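Student: Sequence unavailable; structure follows:
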């Protein structure tokens, strides 16, 4: 077990029977020290589990070991797993996260945070937004370290961005409905103005087209709510459109649609199968894990992790990068 | 707006028309420099928005500006707001968070993280658990910096702990039911072995006793699930016990109880009022903010914030500290 005091270089030098300067040079791999001495010092360092003091190390290297994180209204429920995924990944890389919450949609609101981060000599910066609906003004040019935008687009297309793959989400939801034998789909989703809703719809059209099905299916727009999902399903039923499956743009909409089916005597999934998006714990899953709904998980924690893991690597490619969503099957498509 | 390059001490010295050494001494408040010169240098520093470089500052002070955070299975949904609250508060204090996820219920699993944190020369440590059910083995003696346990008890009663106030949660839920005129309560909750369930029940007894009501009310234990909540409500109805309100130990249980009321033709809140605990977004609230349930919010983000804010202050008192939960009223108690 570790003791209260860290092992020092002087301890290593004493155990190896060399001077402090020799121990330092040996551990730095200096060829001015004999191989035998270098091996002896390395063995002593390993035996003592010596880790160079972080402050001295960072002062010498000019690296702070700290990554700046600018968040946008971090109270937002969906931003939380992204933030947690990012700080956990940074921790795995022994990088600390200096997190400032701000309104990243306004560059002016960020001025103070930008100054602080510059003064702190961060090694890199993650700008974490709250979804696909907003474009963040690029702040990359204020920093001489790598900057990545996560869960938000940047105003500069040359920036490195990590986003959930909404198009792919719509694709795999629709493909699943087709795979279980459904042939007449309908779509209930969020507002017409929503970028996320639009991408998910495009993915749905991709899957329908790929399967040789007519992509001109009934679409009902709404406001992402359970109540509106129920109303939309009622409208679809009243329209006498024929459908045996509904791809719903989010979980709440799908749960509302499911309620409407129940009250109309429509069996789910036999008569109509339903798929949602978000796979949000507490919404689609009971506390004991009983699943109510088939849903597409955007893997938001993974999104934060991937962006953090990429930040200080040489493999930084400008433009949008996506995390693969996953389908989690429940009783609304398989009985 | 900030520029790409930080303002340096040499810039301040040039603007103030003094040497670098004089500028440094003046900003450090040295009395060997005349008051007039000190004022001039301070004014120049303010005008340029000079902030001493963090690495140099921390090397001089021996402080790393970094707080260690040991989390316990951070994927846990309830731990997330605590972690986000903590890292945001640390950011407000210009402290970076070095987050290691581990199994904090096993000291052995934490050995590597403890060594890393010692080497990193953290200024303090937050150990963040996943609720009231587990006691974490104390790691305080491995560190010569302050350690606080958040969202978990510590095995050492002399440690500083921050916990949600489950007893208070039970108290305010029950008091609310009494305040709206209910007089015959029942209680549906989690397992008998749950510490959180027990504390919430104690708080309920406090409120009943305070109001002069008999605290010997029907209690049905369960597993925190919606399904079990519905069954428990059916059992209460079948038992022919008289009750006009049910305090439910969590939201899922309350939602299940609400469903059972609906199918039994019992009007909520007129015949039976219901209160839950957790106030979990996605569970009690629709995406458009339509609230289904009155619930007690344990204020988990605030819990993380308070613990982080207290960590480096002189006001550190051993033992358990609580955050005040808040009641959020919905249609299950007020129509």
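Tutor: Nice, thanks for sending it over. Predicted model only: the values in this text are computed from it and were never measured.
Student: Which residues of the stretch 101-250 of chain A lie near chain B?
Tutor: A:101, A:107, A:111, A:114-116, A:118-121, A:141-144, A:223-228, A:250 (CB under 8 Å from any CB of the partner chain). C-beta coordinates here come from the backbone N, C-alpha and C atoms, glycine included.
Student: Could you pick out the buried ones from the residues you listed?
Tutor: Buried subset of these (neighbour count, 16 or more other CB atoms under 10 Å in any protein chain shown): A:101, A:107, A:111, A:114-116, A:118-121, A:142-143, A:223-228, A:250.
Student: among the residues of the stretch 101-250 of chain A next to chain B, which are in strands?
Tutor: residue A:101 (DSSP state E).
Student: quick revisit: can you list which of the buried ones among the residues of the stretch 101-250 of chain A next to chain B are found in helices?
Tutor: Judged by DSSP state H, the subset of these located in helices is A:111, A:114-116, A:118-119, A:226-228.
Student: Can you tell me which of the residues you listed is nearest residue B:233?
Tutor: residue A:226 (21.6 Å; CB to CB).
Student: and the closest one, how far is that from residue A:255?
Tutor: 5 Å (CB to CB, to the nearest Å).
Student: okay, the residue nearest to residue A:264 when sequence neighbours are not counted: pLDDT?
Tutor: Once flanking residues are discounted, residue A:264 sits nearest to residue A:237: 5.6 Å by CB to CB, 6 or more residues apart in numbering or on different chains. Here the pLDDT value assigned to residue A:237 is 95.
Student: cool, residue A:312 as well?
Tutor: 89.
Student: Run a quick neighbour tally on it.
Tutor: 17 (other CB atoms under 10 Å in any protein chain shown).
Student: if I look at it, how far off is chain B?
Tutor: Computed as CB to the nearest CB, to the nearest Å, the residue A:312 to chain B distance reads 15 Å.
Student: Quick check: phi and psi on the spatially closest residue to that residue that is not a sequence neighbour?
Tutor: Spatially, and ignoring its direct neighbours in sequence, residue A:312 is nearest to residue A:124 (5.4 Å; CB to CB, 6+ apart). Dihedral angles of residue A:124 (phi, psi; degrees, to the nearest 10) stand at phi -180, psi 170.
Student: I'd guessed residue A:124 sits against residue A:309; true?
Tutor: No. Residue A:124 is beyond contact range of residue A:309, at 11.4 Å (criterion: CB atoms under 8 Å).
Student: More neighbours: these two, which one.
Tutor: residue A:124 (21 against 15).
Student: For that one, name its beta-bridge partners.
Tutor: residue A:67 (DSSP bridges).
Student: Read off the pLDDT value for it.
Tutor: pLDDT, residue A:124: 96.
Student: ok, now residue A:280?
Tutor: The per-residue pLDDT of residue A:280 was computed as 83.
Student: So it versus residue A:235, what's the distance?
Tutor: Distance from residue A:280 to residue A:235, by CB to CB: 25 Å.
Student: neighbour-wise, which of the two wins?
Tutor: residue A:280 (25 against 16).
Student: Surely that one and residue A:224 touch.
Tutor: No. In this structure residue A:280 lies outside contact range of residue A:224 using CB under 8 Å: 11.8 Å.
Student: list the buried ones in the one helix or strand residue A:320 maps to?
Tutor: Residue A:320 belongs to strand A:319-323 when assigned by DSSP states H and E. Residues of strand A:319-323 classed as buried: A:321-323 (neighbour count, 16+ other CB under 10 Å).
Student: where exactly do the helices run in the stretch 51-200 of chain A?
Tutor: Taking DSSP state H, counting those that start in this stretch to define them, one finds helices in the stretch 51-200 of chain A at A:54-61, A:79-92, A:111-119, A:166-179, A:195-210.
Student: And for the longest one, what's in contact with it?
Tutor: The contact list for helix A:195-210 (CB atoms under 8 Å, 6 or more residues apart in numbering or on different chains) reads A:131-133, A:166-175, A:178, A:185, A:187, A:189-191, A:214-215, A:217, A:219, A:221, A:247, A:249, A:277.
Student: Just the buried subset of these, please.
Tutor: A:131-132, A:166-175, A:178, A:185, A:187, A:189-190, A:215, A:217, A:219, A:221, A:247, A:249, A:277.
Student: Same list, the helices of the stretch 51-200 of chain A, but as JSON lines with mean pLDDT please.
Tutor: Formatted as JSON lines, the helices of the stretch 51-200 of chain A follow (pLDDT from 0 to 100):
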{"stretch": "helix A:54-61", "mean pLDDT": "55"}
{"stretch": "helix A:79-92", "mean pLDDT": "94"}
{"stretch": "helix A:111-119", "mean pLDDT": "86"}
{"stretch": "helix A:166-179", "mean pLDDT": "98"}
{"stretch": "helix A:195-210", "mean pLDDT": "96"}
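Student: Out of these, indicate the one that is most buried.
Tutor: Highest mean neighbour count among these (mean count of other CB atoms under 10 Å in any protein chain shown): helix A:79-92, with a mean of 26.
Student: Which elements pack onto it?
Tutor: strand A:66-72, strand A:96-102, strand A:124-128, helix A:300-311, strand B:66-72, helix B:79-92, strand B:96-102 (3 or more CB pairs under 8 Å, 6 or more residues apart in numbering or on different chains; DSSP states H and E).
Student: So for residue B:294, which of these sits nearest?
Tutor: helix B:79-92 (20.1 Å).
Student: Let's check: the centremost residue of chain A is which one?
Tutor: Nearest residue to the geometric centre of chain A (CA atoms, centre = their mean): residue A:303, 2.0 Å.
Student: so what's the nearest residue to that one once chain neighbours are set aside up against?
Tutor: Using CB to CB, 6+ apart and skipping residues adjacent in sequence, the residue nearest residue A:303 is residue A:323, 4.6 Å away. By CB under 8 Å, 6+ apart, residue A:323 lies in contact with A:162-165, A:298-299, A:302-303, A:306.
Student: Okay, and the beta partners of residue A:323?
Tutor: residue A:164.
Student: now it: how far from chain B?
Tutor: Residue A:323 is 16 Å from chain B, by CB to the nearest CB.
Student: what's the pLDDT at that residue?
Tutor: 94.
Student: Out of the contacts of residue A:323, which comes closest to residue A:13?
Tutor: The closest of the contacts of residue A:323, once distances to residue A:13 are taken by CB to CB, is residue A:306, at 41.6 Å.
Student: And for the nearest residue to residue A:109 once chain neighbours are set aside, the neighbour number?
Tutor: Distances taken as CB to CB, 6+ apart place residue A:103 nearest to residue A:109, at 4.1 Å, with adjacent residues excluded. Close neighbours of residue A:103, defined as other CB under 10 Å, add up to 13.
Student: tell me the contacts of residue A:103?
Tutor: Residue A:103 touches A:72-73, A:109-110, counting by CB under 8 Å, 6+ apart.
Student: Mind putting these into TSV with pLDDT?
Tutor: Formatted as TSV, these follow (pLDDT from 0 to 100):
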residue	pLDDT
A:72	86
A:73	77
A:109	78
A:110	81
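Student: For these, work out which two are farthest apart.
Tutor: Most distant of the contacts of residue A:103, by CB to CB, are A:73 and A:110, 12.6 Å apart.
Student: Just want to know which of the two has more residues nearby.
Tutor: In this view residue A:73 and residue A:110 are compared by other CB under 10 Å, and residue A:110 has more residues nearby, 24 against 13.
Student: can I assume that one is in contact with residue A:138?
Tutor: No. The pair residue A:110 / residue A:138 is not scored as a contact, 11.2 Å apart, by CB under 8 Å.
Student: follow-up on the earlier one: can you lay out the contacts of residue A:103 as CSV showing distance to residue A:265?
Tutor: CSV is the format used below for the contacts of residue A:103 (distance: CB to CB, whole Å):
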residue, distance to residue A:265
A:72, 44
A:73, 43
A:109, 52
A:110, 54
